[in-house]
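Novice: mind looking at a prediction? Sequence and model below.
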Amino acid sequence: LFDNPQNRGWTEPTSDEMVGNGFCWGQSSHLLAWIYHVCPTLHPQKVFCAMNYSSVTNADVSHSATIVCSDLSSCNENNEISEGNNVIMSISGTSLLPGYEHSDPGVGKRISIAIYGTKGAILYSGDDKDELSGKLKFRDNDTGGKIDLPCGPNVGFHFENTETGGSGPESLQSFIHACIGSDEYYAGSNALDGFRTIQTMEAMYRSNASHQFVEVAYQKVDVGT
């Protein structure tokens, strides 16, 4: 996808305001939106990122980033956040896994997420072409790290459904149900998830270009909690 010069919308900036375009904009949005949806009190503050590029298209194809977030759940009675309570996020990604998701057989994305907190750890890893490749797991501090399955034993690994046949992916079905006034849908994302995701990725590109830690843009915007 990012090595093909014909895919200009994926490999070249589509506006004068874009610092770059490639794997980060095209795919890391899914990972970051998942994290911000699961951790709704996190707000990105500072980012450091380094990227590698395709020699064919000059699109970024790999990256590693450190993201410093404030945690609104740690505010004191004056609504102040102690710097010592910052949450440090380390993410990396690449488009260099051999294969293609729409080939026969398709090659799925490999996802690995680990979130560590004061009460335990959430682990979610697998191949998004293979539902049996993983489950959402929680290791509880109070039980000595015993594994719990919050979604139950029968729910496997789901991340990005790219199938184009049938009635469409689950996200489309949820959108349709919401539009027709049904209560049978899951709100898998909201405007704040998207806002924080875009804040983070935009800062990743600026950091890579400057080789510096950068402040996330629009931190003073009142976007609610």
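Specialist: Here it is on my side, so go on.

Novice: in the longest helix along the chain, which residues are buried?
Specialist: The longest helix of the chain (DSSP state H) is helix 191-210. Going by neighbour count (16 or more other CB atoms under 10 Å), the buried part of helix 191-210 is 193, 195-208. (Glycine included, C-beta is placed from N, CA and C.)

Novice: contact partners of the next helix or strand along the chain from it?
Specialist: Per DSSP states H and E, the first helix or strand lying C-terminal to helix 191-210 is strand 214-215. The contact list for strand 214-215 (CB atoms under 8 Å, 6 or more residues apart in numbering) reads 45, 46, 47, 48, 203, 206, 207.

Novice: and the fourth one, what element?
Specialist: Think residue 48. For residue 48, the host element (DSSP H and E) is strand 42-53.

Novice: and the angle for that strand with helix 191-210?
Specialist: Here the directions of strand 42-53 and helix 191-210 differ by 40 degrees (axes from the mean of the first three to the mean of the last three CA atoms, to 10 degrees).

Novice: just the mean pLDDT for strand 42-53, thanks.
Specialist: Averaging pLDDT along strand 42-53 gives 96.

Novice: right, and residue 13 touches residue 25 too?
Specialist: No: between residue 13 and residue 25 there is no contact, the gap being 9.3 Å when judged by CB atoms under 8 Å.

Novice: how is this structure carved up into domains?
Specialist: The chain breaks down into these domains under automatic domain parsing: 8-101+160-215, 110-152.

Novice: so which of those is the most surrounded?
Specialist: Across these, averaging neighbours per residue (mean count of other CB atoms under 10 Å) puts domain 8-101+160-215 on top, at a mean of 16.

Novice: and the end-to-end length of it?
Specialist: Terminal residues of domain 8-101+160-215 lie 29 Å apart, using CA to CA, to the nearest Å.

Novice: do stretch 89-98 as well
Specialist: By CA to CA, the extent of stretch 89-98 from end to end equals 27 Å.

Novice: just stretch 140-153 next, same as before
Specialist: Note: stretch 140-153 ends 17 Å apart using CA to CA.

Novice: helix or strand right after the helix or strand of the chain with the lowest mean pLDDT?
Specialist: Scoring the helices and strands of the chain by mean pLDDT, DSSP states H and E places helix 8-11 at the bottom, with a mean of 86. The helix or strand immediately downstream of helix 8-11 is helix 23, counting by DSSP H and E.

Novice: then the helix or strand following that next one to CSV, C-alphas only?
Specialist: Note on helix 23: by DSSP H and E, the next helix or strand toward the C-terminus is helix 29-38. The C-alpha trace of helix 29-38 is given here as CSV (Å, rounded to 0.1, in the frame of the first residue of the first chain):
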residue,chain,number,x,y,z
SER,A,29,-5.0,5.8,13.8
HIS,A,30,-6.7,2.4,14.5
LEU,A,31,-4.3,1.5,17.3
LEU,A,32,-4.4,5.0,19.0
ALA,A,33,-8.2,5.2,18.8
TRP,A,34,-8.5,1.8,20.4
ILE,A,35,-6.2,2.9,23.3
TYR,A,36,-7.9,6.2,23.8
HIS,A,37,-11.3,4.5,23.7
VAL,A,38,-10.3,2.0,26.4
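
Novice: all set now, cheers.
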